Structures are given as C-alpha cells and as structure tokens.
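K.L.:
3D, please:
(chains A and B)
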Amino acid sequence: MLAFILKRILWMIPTLIAISIVAFIIIQLPPGDYLTTVIAELTNQGGRVDPEQVLALRERYGLDQPIWVQYFTWISGIVLRGDFGQSFEWDRPVTALVMARLPMTMLISIGTLFVTWVVAFPIGLYSAVRQYSAGDYIATTIGFIGLAVPNFMIALVLMYIGFEYFGQSVGGLHSPQYVDAPWSFAKFLDLLAHLWVPIIVLGAAGTAALIRILRANLLDELHKPYVVAARARGVPERVMLVKYPLRVALNPFVSTIGWILPMLISGDIVVGRVLSLPTTGPLLLNALISQDMYLAGSIILIVSVLTVIGTLISDILLAWLDPRVRLNSV
Amino acid sequence: MTDLSTSFLTTISRRQFLGGLGGAVALSVVGASMRPAVGQEVLLEAPQLTEMVTRGELPPLAERLPPNPVVVTPFESVGQYGGTWNSATTGAADNAWWWRTTGYEGLTRVDTTDNSIQPNVAESWEVQDEGRTFIFKLRQGIRWSDGTPFTANDISFWYNDFFSNAELWPAGVSSWMKTPSGAGTVEATDDYTVVFKFLEPNGFLPNQLASYEGHRAAAMPRHYLEQFHIDYHPEAGALATQAGFNTWVDLFLNRAGTATVHMAAGLPGIRPWQLQTAIGEGTRLVWTRNPYYWKTDTNGSQLPYLDEVVLDIIEDPEVMLLKAANGEMTYHIRHINTPANKPVLARNMEEKGYSLPELEPATMNEGVIGLNLNHEDPVKREIYSNKNFRIGLSHALNRTEIINAVYQRQGQPWQASPRPTSKYHNEQLATQYLEYNVDLANEALDEAGYMRNASGQRIGPDGNPIHIQFLASTTGGAREALLIDVQQIMKRQWAEVGISMDTTPMERSLYITRTGNNEQDALMWTGFGGHDLSLPIDPRFYIPTAANQANWGNKWTTWYLTNGEDGETPPDYMQRQFKLYKDSLATPDLAERDEMLREMLQISAEQFYVIGTTLSLPTYGIKSNALRNVRDNQPDCWPYPAPAQVDPEQFWLDLA
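P.N.:
Have a look, this model is predicted:
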C-alpha cells in the first residue's frame, strides 16, 4: 500500500509540470494580451492610448519577453518563494486576491456538498428500494429536470422572481447594510438568508446526479445473490440494506471525492458570476477575459494540483473501502 | 477660538465664520437668502465630522477649510448632509468610472455650460511667450485628506519624480506634455506657483489638465509618496520586499494607485470622497467624505453633501441591469445605458422611483464605415482610394431603412461630421452624398471605372469582382455589436449596385489585433469626436490619428505619430490637415484654434475619407428621483468626466 502511494506521488510531479505548462500556454493562446484589454477599455470611451506607453507597459509587465521566459519567471517564483505573481488588473499579489475569496468559496462549496448529500442520499435510496413507485417517478422527474436545466439558468430565474415579485435586492451574499459591517449575529443571519439561493442553485444538478447514480448502483446490487442470501438468513430488511448493498453502492461516491477538493476552491464560475458571489470562480473568469495571465494561470494551477491530490485521496480511500480495487490496481 | 467642548450647537453668524472667527460648526444664518427654510438650522459640516471634532480627532472646520474656500453654487437648491450614492463597477479595469464619479479635481476643469476650461486647484493662470510658458497660481489653503497642505511641490513631484522618471513611467512623458523639440518642464517657484515651460507653444495644455490625461497632476501627495520613492528614501527597496513587492517601483505604483486613477486605500487625495476599500478585497468599493474637502456651498457649508459613494462590484451587466431596474442605483451612466436596455429600464421607472435623463453624446455617428485606404493589397487600395467609389457606396446606402430596422426609428442620416449643435458643424461634410439614390450610386461607381460584368458584379482593375470583407467585433461596446446587424442590411443594399461585401465577426481581442495589423478591407466603429469638447481630442474620423481598432489609414497614422520617421507619407492635403491639427493644439488663441480645426474639417469634406450612417443617439443615465442638483443635459464626453464635471459634491438625496 505504501509503495502504491509513493509511486502515485512520484507520478504527480511530471503530471503537475505538464499541467502548469499547458495551463500557461492555453492562457496565452488567444490573440493579444492584458494590454489589449487595457487599450480596449480606454478606447471604448473614445480615449486614446500613446503607443509608447503601450510599449513601456508591455515591458513593465514582462509581456515583451518570449513565452518560455515568462513561464519560467512565473513557475520559479511559485516553486522557490511561493509567490504566484502579481495580478495586472488588481495590482495586487495573486495570493492575496485568492485568499480573500477563499473562506466564502469554501463555505458555499461545503454547504452545497452537505445539502446535496443530505437530500440525495435518502431520495436515491428510496427510489431504488421503491423502484417504479409514485415517489420514485416524482424523484426521477425532478432529478432529470435538475440535471437538464443549466445552473445559471436557475439562478437567473430565481433572481428574476425575487426582483419581479418580491422586490428583493439581487446578487451577493449580504444585504447592502451588512456588506462592510463587522461580523455579528445579525450579519450571520443575513448571510444565511442569502446563502440558500446559491446553495440551491449549485446543489440542484449535483443532487440530481447523485440521486441517479445511487439509484442505479443500488438497483444493480439489490438483485445480487448475496442480498438474497442475507434475506434468506432473516436479516431485517433495513439492516441488510445499509450493511451490504449500500456499502457497495457507495463506491462511486468515494471515487468522486477527488473532484470535491478542487471544487471547494474554485466554486462554480458561471453561477458565481451571475449571482455576484465573492468566490474565486468569477475572479478566474474575469482574469481569463482580461488575460490577466498570472492570476488566471495560478488559479488554474492551484485547482489542478488539488484535482491531482484529490484523485490520489479518492484512490486510496477506494482501495481501503473495497478490497477488490486494491487487488486489481496495486 | 471657541472651546471645543462647547462649540457644538453654538450659533454664530456666517460673516463671523467667514471672517475666520468660527470654530463653531452649526449655526443658523440670519438673513441668508439661500437658507433651506426659515428657522431651520444650517449645518456647516457633516454631523459625523462635528462629532469627530468634539472628540478631538479632527481640527475644527475653520482650520480645515482654505481661508477662501471655493464656493460651488448648488444647481437647484442647497442640500442636506447624508446619504449614499449607490452605483456599480465591473472591477479594477473599470476605474475610469471611479474617476468619473468621485474624482474630478484637476488643476483646471471643464465648465459644461459653455464647454470652456475653468480654474479649479489652480486659481488662475497666465500664458506667456505665445503659449510656451504657463504660470499657474494655486489656491491657498487646500489640504490633502490627511490634513497636509497641498502645494506646488506636489505638482512638481508628479512631473519630475514620477512622469519623468524612467523607471516609474518608462513610456517617457506623455505626448500632451511634449512639443516637437521635446518634453516640457514643470517647476514650483514658490508654494503656490507652478510654471510649465515648453520649447514650442502648447496651447491645449489647460484642456489636457482638465481631462483624464491631466488628472494625475493634482493626485500625487508628495509627503506620502516620498517614503516609497528610492530618490527620497533609500530604504524603499527594503520596504517593497517587506510589503511583498519585487521592487520599489512596484510598491510605489501600487501605493500611488497609478493603475486605478490614483485611488488606493491610504493614499491621501483632494477629492470630495476618499477610497476606503483595499482594491481587490470584498465585493464593493466605498468612498467616504474627505474631511478636508475645500469647497463649500453658498451658505459656507462644507461639501460634499453625500456621506459616501458605494460601487458594488458586479461583473455581469445583466445583473447590473436588474439592480438598476430594481431602483438600486442612485445615479449611473455606464455599462448598461444602451438603446436596447432602455425599454426594460423604462418599464420599471415609475414604480421604482428613478428616471432616465438624456445626455449629450460626444460622438457624431452610430457607425462610421472606414474603408482601408492603406490596404496592403495594391488593387484594393486603389479601389478604396477612389473617391467616386466611396461616393457610390454612400449613395447606395438606405440609411432610413437602417435606422428603422436597427435603431428603433431614432436618429437621422448623417455623415462622419460634427454634431449639428457643435460650433464645428460643417454642412458639406455632414450632408454630402447622403441621399439614398441607386441611380446616383451607379453613376458614381461607373465614373470610378468599375463596370459591371454579365452577372451584375462590378469588376476591379485586376479583372476580379470587387468584394469588401468587413472585420467586426462581437463583444466590447454594446453599440459596436449592433454594427453587425447594420452590416447585414448594408450587404443587401450594396449588392444592388454590384458591390459584394461580407462580415467576419470575431471576439474583441482578435479584432483589435487583426485591425492593428492592418488586415481588414473595411470596418465600422462608433464615430468619436462629434462634440465641441471631444473633437480637438479625438478627430480620428476626420484625419487618421488613431492607430487602434477604428483605423482607416494605419500607415499614415504611424507617419503622424512618429513625426514622419516611420509609416507612409500621406498626400499633401492630409499633411496640411495634420499640420493644422497640430497647430490648433499649439496655439493658445481659442478663436485661431477653431479656425484651424474648421479648415481641417473642410479638407475632410473635400476628400470624403469615411462614410457615415446615422447621427448618434443621446446617451442616458439612470437617476434616482430622490437625487437633487444634477444637471441632466450634460455632455457624456470622455476624456471629461460625466457626471463629475457637474459637481457631484453638491448632489444630495431628498429623502423627505
């Protein structure tokens, strides 16, 4: 087992190097650079930009250097000093920008995860055990709708309803009077009053997917001989269900834990933007649009590293949970 | 001086106060005509500031204001203290909007009632040597928001230690501070006198100082920034490392807010409100009142009236629109004020208590068609350079159809020419070849020498059918995206006279790159430079001065910008135009300037370089009904700030 983990960790190194290079190149692929954005922003209003100034800025940001030099400067800063570079647009260290948004991102992600599991588990279980019952059909229908409708669409509709029928302030996580207020119980309640919207929106698709996965897995297991054997021995139905088929059906959950880790950090990009959430998702999107390359590259890199680590963790968990996996993979 | 502890609610007369005797902060003005109501108390400063004075955290008002504060006459009525100006911004890249709302305090400023340049931080100025020397006298007693006096040394610091510093401003001094033989000099001769000297006349300097370009001059507090400057503080490098920056340059630029219109938390300023939020933190930016602001209303009450300005950071314009439609914007003139959004906003106007006042546009045309007169392909260049060809295309355009289909029946056919209300209006330039007439169009195209073949296509000099491929941007300005719709209609109209065209739509960055590389046959862009204020600054559709996305003579632009060292030598008449334009900016004589610009426009009229479509529609703002003292029909005229040009410090919220 230890050799397995060690081998996997060693393999992570070339993977990460490859990821960092690909991420950096992809960000550079679109035509122009951050300065194109600056020029566009200025000329949008009818302003003019001195060509000399553009050249000078290009030099200051190091954009005049070949791409491999830029890459090397960036990556050596990260490896040697833990410095992810400077965001052009915000004129601040990338680390500070990301850290400022991390707590809220994680709060929303963990909340979403929690709600997803709490809702999806019992429903999935129910609709597998009571297959083709009225409840199963209802759960299945809602599940498919949740899967089919894009999250941001649900967000927009909820916001429109809030605006049109309740005159509610849309977007954000706090009412205006609490945005800059120090933390207090009232502010916390205000946060809770706003938090349910993104959590429902973000959780909708995830919940639906989980219900479907759990139902399908459990249905596979329910008809296997070991279930029949357990029943024949007179194990109560509930105990039997939880002890045997459910445990086996859990495998897909465990193998997706790897994806949860990066999701905690990145949040959902489009929903975050639509709902104006103070999470890292919209930060990344904005950085990509304005070609703020160190900010964008660093977020992508961090998320990739977490994906790789998460995958490792879920592999280990899976091997621990299910002896069959261990035998096959090691 | 009145004792601090008893000064609260002491009453004295306004004359006493202005005589410098007043430490009192609240008083009723006896017999003052501008009083809000008889017997009502007139506060001379915001209550929060009075409290701070009482607690001893702030010197009394009389010590904070200049001996002769600038008196701003309220537009409609004397206001009351309090309230928040709510608006929105898309992020740090949108900092121009921050400046347009909270930051217009240059040496000079524009007066939008007559588009003249008026004193501001400078009390007056004198022009000598035919525009080679400018002596600015500064107002005495202006203080930075931390209480330090503002002096001429702050301005010389901006120029000599920032603008002329090769590390901090590697581009070198911006073009508006240069004349043909080199950069100007700036010297503080005493605390309140600053002298700008140039080798040749630079008559446009007061305008530039009043514009976005000049805002830096009065925005760099020397006493605060010296600590980050290596010339004044040898330890600045170590300070930078400590603060997590690579070099002292990075630290200085950050602390001076150079990338964000000289706004940064902790940076003192002389504006009505000061930015409190660290940029990049949180979901909104907050500006609070500057206790040392140096302007008062006619009662002697210190401005601003509004306590704070709050811009929510909202990346998605649709969300911004929803917030505006929900009545959450106090005043907003950006991002979402497009013709397409107007019906949505108008629908909720009454219920949510806001209005949509119109602004004078700075632009003259919704879409100017620029054929590439410097095309790399000699055949295409020959065709596009043929004036009769352009005349034919112009007559072939049914502009009324375009207006009806794309612009909701608003607007009027108009060539690329100053607006009808402008003093530069040129009847010929504005209306020539405007008539939709297929016969005239065919006549002009025949005369150009491009005859039709059997299938009706017109044939170029190389024997191939003429085809014009437009490049267009799908994103960026909402107005520019509409031009793709316009081109669909143009395509059909031009086909009738035997000219084929098509559009390649692309993302904005690619568009900028490709047009920058001179790859387009033709393009369309908003017609800048239609207003008295904007024309001298941006005449790009009268002479090719702009190198980026709205170019139609790229190589001539290069020639002009490099003073003839690079690019292609333009024809004589265009050289004459460039000379007229340069001279118009050099002369300090305003009448002479207008004369030269008119002559320049007349040559444009004769040459007919670009083809206009329709006169720009007015822009509009979203304004809460509770907001008072806003002069609505102001110009929306970058690089002058709307609405900061109409004194937001005297805006107030009537919540009664």
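
K.L.:
and the longest helix along chain A, what's buried?
P.N.:
Longest helix of chain A, by residue count under DSSP state H: helix A:185-222. Using 16 or more other C-beta atoms under 10 Å in any protein chain shown as the test for burial, helix A:185-222 gives A:187, A:190-191, A:194-195, A:197-215, A:217-218, A:221-222. Yep, even glycine has a C-beta here, placed from its N, CA and C like the rest.

K.L.:
what of stretch A:265-274?
P.N.:
Buried residues in stretch A:265-274 (16+ other C-beta under 10 Å): A:265-274.

K.L.:
what's the answer for stretch B:500-520, then?
P.N.:
Buried residues in stretch B:500-520, counted by 16+ other C-beta under 10 Å: B:501, B:503, B:506-516, B:520.

K.L.:
need the max-distance pair from the residues you listed.
P.N.:
Distance extremes for the buried residues of stretch B:500-520: the farthest pair is B:501 and B:509 at 23.9 Å, using C-beta to C-beta.

K.L.:
please see if the strand or helix carrying residue A:124 touches chain B.
P.N.:
Assigned by DSSP states H and E, residue A:124 belongs to helix A:94-129. Yes. Contact of helix A:94-129 with chain B (C-beta under 8 Å from any C-beta of the partner chain) involves A:96-97, A:100.

K.L.:
quick one: stretch B:645-656 to chain centroid distance?
P.N.:
How far stretch B:645-656 lies from its chain's middle: 21 Å, per C-alpha atoms, centre = their mean, to the nearest Å.

K.L.:
helices or strands up against the longest helix of chain A?
P.N.:
Applying 3 or more C-beta pairs under 8 Å, 6 or more residues apart in numbering or on different chains; DSSP states H and E, we find helix A:185-222 packed against helix A:94-129, helix A:134-148, helix A:151-166, helix A:245-249, helix A:251-266, helix A:269-274.

K.L.:
and the ones you listed, which is most packed in?
P.N.:
With neighbours taken as mean count of other C-beta atoms under 10 Å in any protein chain shown, the helices and strands packed on helix A:185-222 reach their highest mean count in helix A:269-274, at a mean of 23.

K.L.:
returning to what we had before: save the residues of helix A:94-129 next to chain B as TSV, and put in pLDDT and distance to residue B:529 too.
P.N.:
Converted to TSV, the residues of helix A:94-129 next to chain B look like this (pLDDT from 0 to 100; distance: C-beta to C-beta, whole Å):
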residue	pLDDT	distance to residue B:529
A:96	85	41
A:97	86	38
A:100	83	41
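
K.L.:
what's the closest of the residues you listed to residue A:55?
P.N.:
When the residues of helix A:94-129 next to chain B are compared against residue A:55 (criterion: C-beta to C-beta), the nearest one is residue A:97, at 27.1 Å.

K.L.:
could you list the domains of the chain?
P.N.:
Since no chain was named, I'll use chain A. As given by automatic domain parsing, the domain ranges for chain A are A:34-83, A:100-300.

K.L.:
actually it's chain B I care about, not the one you picked
P.N.:
For chain B, the structural domains run B:4-64, B:366-607, going by automatic domain parsing.

K.L.:
nearest to residue B:189 among these would be which one?
P.N.:
Ranking those by proximity to residue B:189 (C-beta to C-beta) places domain B:366-607 first, at 20.2 Å.

K.L.:
now check that closest one, is it near chain A?
P.N.:
Yes. Applying C-beta under 8 Å from any C-beta, one finds domain B:366-607 touching chain A at B:476-477, B:507-510, B:512-514, B:526, B:528-529, B:534, B:537-538, B:545-550, B:561.

K.L.:
among these, which ones are in strands?
P.N.:
If you go by DSSP state E, these have residue B:526 in strands.

K.L.:
which stretches of the stretch 551-656 of chain B form helices?
P.N.:
Using DSSP state H, counting those that start in this stretch, the helices of the stretch 551-656 of chain B run over B:554-561, B:572-586, B:590-607.

K.L.:
and the ones you listed, which is most packed in?
P.N.:
helix B:554-561 (a mean of 22).

K.L.:
can you give me the pLDDT of residue 139?
P.N.:
All of this is about chain A. We have a pLDDT of 86 for residue A:139.

K.L.:
was after chain B, sorry
P.N.:
At residue B:139, pLDDT is 96.

K.L.:
and the residue nearest to it when sequence neighbours are not counted, what element?
P.N.:
Nearest residue to residue B:139 in three dimensions, chain neighbours excluded: residue B:123, at 4.6 Å (C-beta to C-beta, 6 or more residues apart in numbering or on different chains). Using DSSP H and E, residue B:123 falls within strand B:122-128.

K.L.:
which other helices and strands does that strand contact?
P.N.:
Contact here means 3+ C-beta pairs under 8 Å, 6+ apart; on that basis strand B:122-128 packs against strand B:133-138.

K.L.:
now the strand it packs on against strand B:122-128, angle please.
P.N.:
Put simply, strand B:133-138 runs at 160 degrees to strand B:122-128, going by axes from the mean of the first three to the mean of the last three C-alpha atoms, to 10 degrees.

K.L.:
mind listing the strands strand B:133-138 pairs with, and their directions?
P.N.:
Next to strand B:133-138 in the sheet, as set by DSSP bridges, lie strand B:122-128 (antiparallel), strand B:193-197 (antiparallel).

K.L.:
what helix or strand does the residue of chain B most remote from its centre sit in?
P.N.:
What lies farthest from the middle of chain B is residue B:454; by C-alpha atoms, centre = their mean that is 52.0 Å. Here residue B:454 sits in a region with no helix or strand, counting by DSSP H and E.

K.L.:
can you give me the pLDDT of it?
P.N.:
91.

K.L.:
if I look at it, how far off is residue B:498?
P.N.:
Relative to residue B:498, residue B:454 is positioned 11 Å away (C-beta to C-beta, to the nearest Å).

K.L.:
and for residue B:370?
P.N.:
From residue B:370 across to residue B:498, the span is 21 Å (C-beta to C-beta).

K.L.:
please apply the same query to residue B:447.
P.N.:
On the measure of C-beta to C-beta, residue B:447 and residue B:498 end up 14 Å apart.

K.L.:
okay, those two: which has more neighbours?
P.N.:
Per other C-beta atoms under 10 Å in any protein chain shown, whichever of residue B:447 and residue B:498 has more neighbours is residue B:498, with 23 against 14.

K.L.:
related to what we said a few turns ago, looking at the domains of chain A, which has the lowest confidence?
P.N.:
Lowest mean pLDDT within these: domain A:34-83, a mean of 75.

K.L.:
quick revisit: for the helices of the stretch 551-656 of chain B, give me JSON lines that also has mean pLDDT and distance to residue B:140.
P.N.:
Listed next are the helices of the stretch 551-656 of chain B as JSON lines, based on pLDDT from 0 to 100; distance: least, C-beta to C-beta, whole Å:
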{"stretch": "helix B:554-561", "mean pLDDT": "90", "distance to residue B:140": "40"}
{"stretch": "helix B:572-586", "mean pLDDT": "96", "distance to residue B:140": "31"}
{"stretch": "helix B:590-607", "mean pLDDT": "96", "distance to residue B:140": "28"}
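
K.L.:
go through these and name the closest to residue A:236.
P.N.:
Residue A:236 sits nearest to helix B:554-561 of all those, at 83.0 Å, using C-beta to C-beta.

K.L.:
next, the closest residue to chain B within the stretch 201-330 of chain A: secondary structure please.
P.N.:
Across the stretch 201-330 of chain A, the shortest distance to chain B (C-beta to the nearest C-beta) belongs to residue A:278, at 4.6 Å. At residue A:278 the chain is in coil, as set by DSSP: H, G, I helix; E, B strand; the rest coil.
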